[in-house]
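>>> What follows is a predicted structure for the sequence shown.
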Amino acid sequence: MNDRQAPSYNGQLRSHRVEVPECIGECHGIRIFGRLLKSVMFSTDVATIANANADAVIAVYPFTPQPRIVSAVMSVADMPVFFGVGGGFTSGARSVNQAIAAENMGAIGVVLNAPVPPEVLREIKENVDIPVVATIVSAAQDTEARIAAGVDILNVAASTDTPAVVAQLRARHPGFPIMATGGPTDATIRATIAAGADAITYTPPDTGVLLAEIMRSHRERYRAEG
């Protein structure tokens, strides 16, 4: 058996980047258009997206979906991107049009929020040729109706209840693709994987937090020199 590690190159300037937890690599992944995606970073921050090693990005935000945001993220992303196209306050024809626009601008998939009705999911699926992802916040949601409408992936975002919800969905839909929030630690990520998640969404540290760490080291350096 060959246990040789894969060679690695980081460079000097790009060695400081956002890296997803290695334990995410323990999940099976979801293969989309030939790409195996295991880690999906939750962010719309273009600086973070341009300096991350995730397999993909999920760009969902609490505002009305806009093509210019799709354009901004796509301009810096080195990895595939899933875009939020509504499902809550924004729905109906507007979500359908946003999904079509996102596909035309290079999205690998579109994400709909929990309240989206099955008929909107069905219309989106009829108009795009990329995965349609439905967000699930509770096992009480009618996942059967969403799957019947053509949804390709379930995206579980149930906070601390995520592993339990994933386990229930896995029991109901044994072979269906599920991505889910992994939480803040290796232990919570592994619990979500063990529950049946195929891919893990990961929320990186805020850029303000990362910058604060750098500034702290600079201050300590100059205090020592002084």
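Sure thing, it's come through.

>>> what comes into contact with stretch 188-196?
With C-beta atoms under 8 Å, 6 or more residues apart in numbering as the test, stretch 188-196 has contacts from 21, 23-24, 26-27, 162-164, 166-167, 169-170, 178, 180-183, 200, 202. From N, CA and C alone the C-beta is placed, and that goes for glycine too.

>>> Which of those fall within helices?
Mapping the contacts of stretch 188-196 onto helices (DSSP state H) picks out Thr162, Pro163, Ala164, Val166, Ala167, Leu169, Arg170.

>>> how about JSON lines for these, with neighbour count, distance to Phe83 and pLDDT added?
Below are these laid out as JSON lines (neighbours: other C-beta atoms under 10 Å; distance: C-beta to C-beta, whole Å; pLDDT from 0 to 100):
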{"residue": "Thr162", "neighbour count": "23", "distance to Phe83": "22", "pLDDT": "98"}
{"residue": "Pro163", "neighbour count": "24", "distance to Phe83": "26", "pLDDT": "98"}
{"residue": "Ala164", "neighbour count": "15", "distance to Phe83": "28", "pLDDT": "98"}
{"residue": "Val166", "neighbour count": "27", "distance to Phe83": "23", "pLDDT": "98"}
{"residue": "Ala167", "neighbour count": "17", "distance to Phe83": "28", "pLDDT": "98"}
{"residue": "Leu169", "neighbour count": "22", "distance to Phe83": "23", "pLDDT": "98"}
{"residue": "Arg170", "neighbour count": "18", "distance to Phe83": "26", "pLDDT": "98"}
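
>>> Any buried residues in the longest helix along the chain, and which?
Looking across the chain with DSSP H, the single longest helix is helix 207-225. Within helix 207-225, the residues scored as buried using 16 or more other C-beta atoms under 10 Å are Leu210.

>>> all strands for this protein, in order.
Secondary structure of the chain (DSSP state E): strands at 30-32, 35-37, 39-42, 56-59, 81-84, 109-112, 132-136, 153-156, 178-181, 199-202.
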